[in-house]
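Engineer: take this sequence and fold it.
(2 chains)
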Amino acid sequence: MCVRGLAPFDVLEGLINSYEGDDSSPAVFDALVRACTQFGATDGAYEVIKKLRMDSCWVTIHAWNNFLGQLLKLNEIDRFWKVYKEMISYGYSENVNTFNLIVYALCKECRLLEAISEFYRMLKNEIWPNVVTFNMIIDGACKMGNLELALKLVRKMGVMSGGCVRPNSVTYNCIINGFCKIGNIALAEEVRIEMTKVGIESNERTYGTLIDGHARGGSLEEVFKLCNEMVERGLIPNTVVYNTVIHWLYNVEDMEGASLLLSDMIDKRICPDQYTYSILTKGLCRNGYVTEALRLNNQVIGKNLIEDAFSHNILINYMCRSKNIAGAKPLLGSMFVHGLIPDLVTYGSLIDGYWRTARMEM
DNA sequence: CTAGGGTTAG
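Structural biologist: From the prediction side, this is the model:
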């Protein structure tokens, strides 16, 4: 598909034509579905599943799981439920991965209690939850600020799984992040100590999380201490870590520090990403360098490095806040030209801008 | 299949 630019249906046709019953493996159809989702051909994946059904050549639960997982990754939760129900209506039964996807979908919708009910439905169906199941519920609890429940689950996951499942680094990182986000760095650090005690080393994400937590709390000193510590342990600060620190340096108006770090990032060949560009855009705007922010935007958009609305939203919002509708309009135009879809924030900012300039009808 | 970073409305 990649090399020859074939459409999913072309590949499928070839597979069906060369399919020789018992001498062939139906896993090849699952592989095609996976190829489609990895390729970004989400609708193609679904069409393949449907076509095979009509040819009474069914894909397995693995392909459905793969497709359902892709929908969650794209945040198409409504479609996820629709497809899940469809799959069940064809008589498939959920395996552990399907259940995990259901738990994940419920957590994404903040339906934490239902996610926990799903855990018990798994037990009833004799499908044993694994560490991923627990981690998703624990992270869901953390994201909703319910650290008490998250901690309770960590303590009880052994018993709840009949001694089969123990916390791993993902579990601990979720809890650490939860405490950082509610501003309780002290407890976040305590959790890290506990994690070390049970023999799980801090990884790149642990450091990334704690660095953001300390920066949020205003202790940039701790931030640099942690950066050094991670390097000493052989972990190289990646794009996420640089983005975090640059973001918080701009926030305290340390332009020089932010610039130095950006140069360091380029020297060390750590690739900037969309987060970097929106952080720079915001940092330049809020510190009074709007012209530079616009110039940066023009540079990166020409190179097709931008795939989401963030940077434009930041600029549009900045223009609108300073009642500069004339400055915001071309940015909206630029979004359309480059295939970026204006979202709630884009329109919210523009409506606010018109409101400020007393042009209610607009 | 799960964990860290970027946007709006006082």
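Engineer: going forward, measure contacts between C-alpha atoms and count neighbours the same way
Structural biologist: Fine.
Engineer: wait, doesn't residue A:207 sit right on residue A:226?
Structural biologist: Yes. Counting by Cα atoms under 8 Å, residue A:207 does reach residue A:226; the two are 6.9 Å apart.
Engineer: these two: who's more crowded?
Structural biologist: Each of residue A:207 and residue A:226 has its neighbours counted (other Cα atoms under 10 Å); residue A:207 has more, 21 against 17.
Engineer: can you tell if stretch A:128-143 touches DNA strand B?
Structural biologist: Yes. In terms of Cα under 7 Å from any atom of the strand, part of stretch A:128-143 sits within range of DNA strand B, namely A:131, A:132, A:133, A:135, A:136, A:139.
Engineer: which helices and strands does the one helix or strand the fourth one maps to pack with?
Structural biologist: What it means is residue A:135. Using DSSP states H and E, residue A:135 sits within helix A:131-143. Contacts defined by 3 or more Cα pairs under 8 Å, 6 or more residues apart in numbering; DSSP states H and E place helix A:131-143 against helix A:96-108, helix A:112-124, helix A:147-160, helix A:169-181.
Engineer: repeat that with 6 Å
Structural biologist: Counting contacts by 3 or more Cα pairs under 6 Å, 6 or more residues apart in numbering; DSSP states H and E, helix A:131-143 is packed against helix A:169-181.
Engineer: got the contact list for residue A:327?
Structural biologist: residue A:319 (Cα atoms under 6 Å, 6 or more residues apart in numbering).
Engineer: show me what secondary structure element comes after the helix or strand where it lies.
Structural biologist: Using DSSP H and E, the element containing residue A:327 is helix A:325-337. Next helix or strand after helix A:325-337 toward the C-terminus (DSSP H and E): helix A:344-356.
Engineer: can you give me how far that next one is from the chain middle?
Structural biologist: The gap between where helix A:344-356 is centred and where its chain is centred comes out at 26 Å by Cα atoms, centre = their mean, to the nearest Å.
Engineer: for that helix, packing partners?
Structural biologist: helix A:310-321.
Engineer: next, the angle helix A:344-356 makes with the helix it packs on.
Structural biologist: Inter-element angle recorded for helix A:310-321 and helix A:344-356: 10 degrees (by axes from the mean of the first three to the mean of the last three Cα atoms, to 10 degrees).
Engineer: and for helix A:310-321, what are the contacting residues?
Structural biologist: So helix A:310-321 is contacted by A:278, A:327, A:328, A:346, A:349, A:353 (Cα under 6 Å, 6+ apart).
Engineer: how many neighbours does the closest residue to the last one other than its chain neighbours have?
Structural biologist: What sits nearest to residue A:353 in space, not counting adjacent residues and going by Cα to Cα, 6 or more residues apart in numbering, is residue A:320, at 4.2 Å. Neighbour count of residue A:320, defined by other Cα under 10 Å: 24.
Engineer: ok, now residue A:51?
Structural biologist: Quick note: residue A:51 (other Cα under 10 Å) scores 14 neighbours.
Engineer: which one of the residues in the stretch 1-150 of chain A is closest to DNA strand B?
Structural biologist: residue A:132 (3.9 Å; Cα to the nearest atom of the strand).
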